[in-house]
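Engineer: need a structure here:
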Amino acid sequence: MSDSPLLVAIVGPTGSGKTAISLAVAERFSGEIVNCDSVAIYREFEIGTAKPSPEERTHAPHHLIDILDPEQQMTAGEYARIGREALEQIKQRGKMPIVVGGTGFYLRALLEGLFEGPERSDELRARLREIEKRRGAEYVHRILGRLDRAAADRIHANDVPKVIRAIEVCLQARKPMTDLWEEGRDPLKGFRILRIGLNPERNALYTRINRRCEQMFEAGLIEETERLMKQYPNAPALASLGYKQAAQFLRGEITKKLAIWAAQQGHRNYAKRQLTWFRRESDVKWLAGFGDDPGIQAQAIGLIANAESLVAEEE
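Structural biologist: So this is what the prediction gives:
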């Protein structure tokens, strides 16, 4: 594998500056960026996703952003399939693939592969969605907890599509999804993988997250959510952070001030879970700062340049 091209995966919590550092790396190494965020894949979801702006996307080619209509769904396995196709195309062009995002399950599926789980059951999914509508996301999440405690710990109750898929797998396979996961995977071949993680100081991260949530609401998140709710009432991403709280405000369940506060708290909690997930991953090179810090960018570039030079020396 020493002569295989380098793939850089940039991970870290929400608000840590992954977009900024990915652009710096892409410009330095002639790279192409592959999105690994489960909400940024949706068209028309803009303000609450923190996608790279149109201007930022001119700095490097971007892949797997805005690829799904709002009411479509994508499993981790489907993401891995199209993600690997994108990686292969980037390699054929002689460019460096830079995978960027905070959806740990997608990244694991892409790089390490997934188990051969049972096929989807539309009937079972419909029943579970009906239960979720009647009893709420927390109730469905408790069902998963009884079937597979480890999976429930990794999948947040708000991520209803993933919770439903996990329950579906457990029931159809008649064993915990976690057991199936450990039984067999299909790791990505043909690349050397360098994982770089952003780990800024916690209080500074929370301050940035709080401000970013405020800015989303100031930029029109409520208005965007209202339009999406009318046009796409079954859009999975409406359950994601920010959109969920804006929808609660629109339904009169909470005040705008409480919606902003709840979104801030939800994003802070999500950042904790992301760090916990990525710290379980092997061989992550952690950088203690934000991705828009020139010093942190220089450290990341140094790590990549060193990985590239090691191959050149071996050759």
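Engineer: Can you pull out the low-pLDDT segments for the stretch 101-250 of the chain?
Structural biologist: 115-117, 181-185 (pLDDT under 70).
Engineer: Show me the strands in it, by range?
Structural biologist: 192-198 (DSSP state E, counting those that start in this stretch).
Engineer: which stretches of it form helices?
Structural biologist: Using DSSP state H, counting those that start in this stretch, the helices found in the stretch 101-250 of the chain span residues 104-112, 122-135, 137-147, 149-154, 160-173, 177-183, 202-218, 221-231, 243-250.
Engineer: Confirm Glu88 sits in a helix?
Structural biologist: Yes: under DSSP: H, G, I helix; E, B strand; the rest coil, Glu88 sits within a helix.
Engineer: Tell me which of the helices of the stretch 101-250 of the chain sits nearest to Ile21.
Structural biologist: Ranking the helices of the stretch 101-250 of the chain by proximity to Ile21 (Cβ to Cβ) places helix 202-218 first, at 14.3 Å. Quick note: C-beta positions are derived from backbone N, CA and C, even for glycine.
Engineer: What helices and strands are in contact with that closest one?
Structural biologist: helix 256-280 (3 or more Cβ pairs under 8 Å, 6 or more residues apart in numbering; DSSP states H and E).
Engineer: What helices and strands are in contact with the helix it packs on?
Structural biologist: By 3+ Cβ pairs under 8 Å, 6+ apart, helix 256-280 packs against helix 104-112, helix 202-218, helix 243-250.
Engineer: Kindly report the domain assignment for the chain.
Structural biologist: As assigned by automatic domain parsing, the chain contains the domains 6-114+186-218+273-314, 122-183.
Engineer: Mind putting those into JSON lines with distance to Gln231?
Structural biologist: Listed next are the domains of the chain as JSON lines, based on distance: least, Cβ to Cβ, whole Å:
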{"stretch": "domain 6-114+186-218+273-314", "distance to Gln231": "7"}
{"stretch": "domain 122-183", "distance to Gln231": "19"}
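Engineer: hang on, the earlier thing: closest one to Gly15 among the helices of the stretch 101-250 of the chain?
Structural biologist: Minimum separation from Gly15 across the helices of the stretch 101-250 of the chain (Cβ to Cβ) falls at helix 202-218, 4.3 Å.
Engineer: No further questions, thank you.
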